[in-house]
Structure formats: structure tokens, C-alpha cells
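> could you work out the structure for the sequence below:
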Amino acid sequence: MFQKKQIIYSETLGTCVVDNIVSLSATKRGPSIQYYVLKTMFDNKVSYIPVEHHQVVLRDMFTVGEAKQLKDSEQYKKDKHLKDAVDYVLKETVGKEEQT
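Have a look, this model is predicted:
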């Protein structure tokens, strides 16, 4: 389970921050279901994705090593969400290295 304020990657949304985790129900007496409230980092969209049994592939953000490998791939050139995520990881790493 992801945590609030965690930055994650969604294959359909791209780089997102888990803004909140909420329980929603279709009716007042119906069972409630937990949802991630995801805010995209680059185009200000908000999506509600069920915590369990979701169809969307969600994963932890790429490591620096994974990002470097992906940057050399064909997929990086073709997939805008992937490109943005890889560039984000590499930019954050450079920024942190410069601060030390």
C-alpha cells in the first residue's frame, strides 16, 4: 500500500503524488472502498484509483539505475509519461547531488 505524499508511477497517468487515501461508498449504507487520490505532477489531473483490485498499474517511482537504463530504451522515446517520470528521477538526483 502506498502512503500519503508518496511519489509513484502510473502507466496511464505518469508521475503522481498520493494526495490522500479516502473511503468512498456508492450509497450511504453500502460498503466503503478505499481509494488513492492521485494528483499528476505534470498536468494537474486528479484520479481516484481503488487501493485494491485496481486495473491501473501503479508502482514505486523508478530508482536512479532503472531511470538511467530506461533513458536509453525505445520505450522512453515513445512514451511521454515514461519520459517525464525518468527525467523527473534523474533531475531530482542531480539536484540532491548538487546540494551535498
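> helix or strand: which one has the nearest residue to residue 68 once chain neighbours are set aside?
Nearest residue to residue 68, sequence neighbours excluded (C-beta to C-beta, 6 or more residues apart in numbering): residue 90, at 7.3 Å. C-beta: built from backbone N, CA, C; applies to glycine. Taking DSSP states H and E as the criterion, the element that holds residue 90 is helix 80-99.
> which other residues reach that helix?
9-15, 41-42, 61-64, 66-68, 70-71, 75-77 (C-beta atoms under 8 Å, 6 or more residues apart in numbering).
> now do the residue nearest to residue 68 against residue 49, distance only.
26 Å (C-beta to C-beta, to the nearest Å).
> how near is the spatially closest residue to residue 4 that is not a sequence neighbour to residue 49?
Spatial nearest neighbour of residue 4, excluding adjacent residues (C-beta to C-beta, 6+ apart): residue 18 at 5.6 Å. Between residue 18 and residue 49 the distance is 10 Å, computed by C-beta to C-beta.
> check the contact lists of these two and give me the overlap.
36, 38.
> what domains does the record give for the protein?
7-60, 64-99 (automatic domain parsing).
> buried residues of the helix holding residue 90, list them for me.
81-86, 88-90 (16 or more other C-beta atoms under 10 Å).
> alpha carbons only: can I get it in PDB?
Extracted as PDB, the C-alpha positions of helix 80-99 are listed here (Å, rounded to 0.1, in the frame of the first residue of the first chain):
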ATOM      1  CA  LYS A  80       5.600  10.700 -22.800                       C
ATOM      2  CA  HIS A  81       4.600   9.600 -19.300                       C
ATOM      3  CA  LEU A  82       7.600   7.300 -19.000                       C
ATOM      4  CA  LYS A  83       9.900  10.100 -20.400                       C
ATOM      5  CA  ASP A  84       8.600  12.600 -17.900                       C
ATOM      6  CA  ALA A  85       9.000  10.100 -15.000                       C
ATOM      7  CA  VAL A  86      12.500   9.200 -16.000                       C
ATOM      8  CA  ASP A  87      13.500  12.800 -16.400                       C
ATOM      9  CA  TYR A  88      12.000  13.600 -13.100                       C
ATOM     10  CA  VAL A  89      14.000  11.000 -11.300                       C
ATOM     11  CA  LEU A  90      17.200  12.000 -13.000                       C
ATOM     12  CA  LYS A  91      16.600  15.700 -12.300                       C
ATOM     13  CA  GLU A  92      15.800  15.100  -8.600                       C
ATOM     14  CA  THR A  93      19.000  13.000  -8.300                       C
ATOM     15  CA  VAL A  94      21.200  15.700  -9.800                       C
ATOM     16  CA  GLY A  95      19.500  18.400  -7.600                       C
ATOM     17  CA  LYS A  96      20.300  16.400  -4.500                       C
ATOM     18  CA  GLU A  97      23.900  15.700  -5.500                       C
ATOM     19  CA  GLU A  98      24.500  19.400  -6.100                       C
ATOM     20  CA  GLN A  99      23.200  20.200  -2.600                       C
END
